[in-house]
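1. sequence and predicted structure below; questions after.
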Amino acid sequence: DAGVIQSPRHEVTEMGQEVTLRCKPISGHDYLFWYRQTMMRGLELLIYFNNNVPIDDSGMPEDRFSAKMPNASFSTLKIQPSEPRDSAVYFCASSLVQGHSVQYFGPGTRLTVT
Amino acid sequence: AQSVAQPEDQVNVAEGNPLTVKCTYSVSGNPYLFWYVQYPNRGLQFLLKYITGDNLVKGSYGFEAEFNKSQTSFHLKKPSALVSDSALYFCAVRDMSGGSYIPTFGRGTSLIVHP
């Protein structure tokens, strides 16, 4: 398996623009997670899905953030409109359903909003 | 509720010396415990986990961790550090008796191994 795939790897955009981050989880995994990493706040869980259904989005910072998982092999995280404070590295991860299952992380998308 | 603490933002060690990265946790029941490593410009990678059984868990790259229930700790160790071990290390915990299947991650500890 190729692992968790994220695109783009880098994104530079201007404030106010819409940004869409994409993720393909490992085939057969039941859970998908979106994280944000910054120096100030560390690693934050934004939202996670189980069998394509959003379970907990309490970590999504504002209504400007939205996430979808239309099928088992694809998820998006959208920011509209983007702001400079959204600059961060966004990770997607997937895992199996067992409680002690390992999360497999993608390489991340480095987002810069100017 | 479940929580995890990594009390050191940074650990410095000389190459060849033993290293320890500390982690303490809090859960209502029994824990599942994990260590992950993040190299620069990469995603987190799994190192090892404790589920049950032997308190000493061995993982990738020569790392091991010791589960201590009385001290609620799960420190990461390696007998002889390499410069290539320099990275960010995350501890994570999941309460076996909790309703959530999702682990909680610590803030991470930056390990710097000096030549």
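-> Arrived safely, thanks for sending.

2. for the rest of this, base every contact and every neighbour count on C-alpha atoms.
-> Fine.

3. contacting residues around B:Val13?
-> B:19, B:81, B:111-114 (Cα atoms under 8 Å, 6 or more residues apart in numbering or on different chains).

4. if we use 6 Å, what do you get?
-> B:Val113 (Cα atoms under 6 Å, 6 or more residues apart in numbering or on different chains).

5. close to chain A: what parts of chain B are there?
-> B:42-44, B:101, B:107 (Cα under 6 Å from any Cα of the partner chain).

6. now tabulate those residues in a markdown table and tack on pLDDT and secondary structure.
-> Listed next are those as a markdown table, based on pLDDT from 0 to 100; DSSP: H, G, I helix; E, B strand; the rest coil:
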| residue | pLDDT | secondary structure |
| --- | --- | --- |
| B:Arg42 | 93 | coil |
| B:Gly43 | 95 | coil |
| B:Leu44 | 96 | strand |
| B:Tyr101 | 73 | coil |
| B:Arg107 | 94 | coil |
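
7. select only the buried ones of those in PyMOL?
-> Selecting only the buried entries of those in PyMOL, with 16 or more other Cα atoms under 10 Å in any protein chain shown as the criterion:
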select buried, chain B and resi 43+44+101+107
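
8. list the residues that contact A:Phe91.
-> Here A:Phe91 is in contact with A:34-35, A:108 (Cα under 6 Å, 6+ apart).

9. which residue sits closest to it, ignoring its sequence neighbours?
-> In this structure, A:Phe91 finds its nearest non-sequential neighbour in A:Gly108, 4.4 Å apart by Cα to Cα, 6 or more residues apart in numbering or on different chains.

10. can you count the residues close to the one you found?
-> 30 (other Cα atoms under 10 Å in any protein chain shown).
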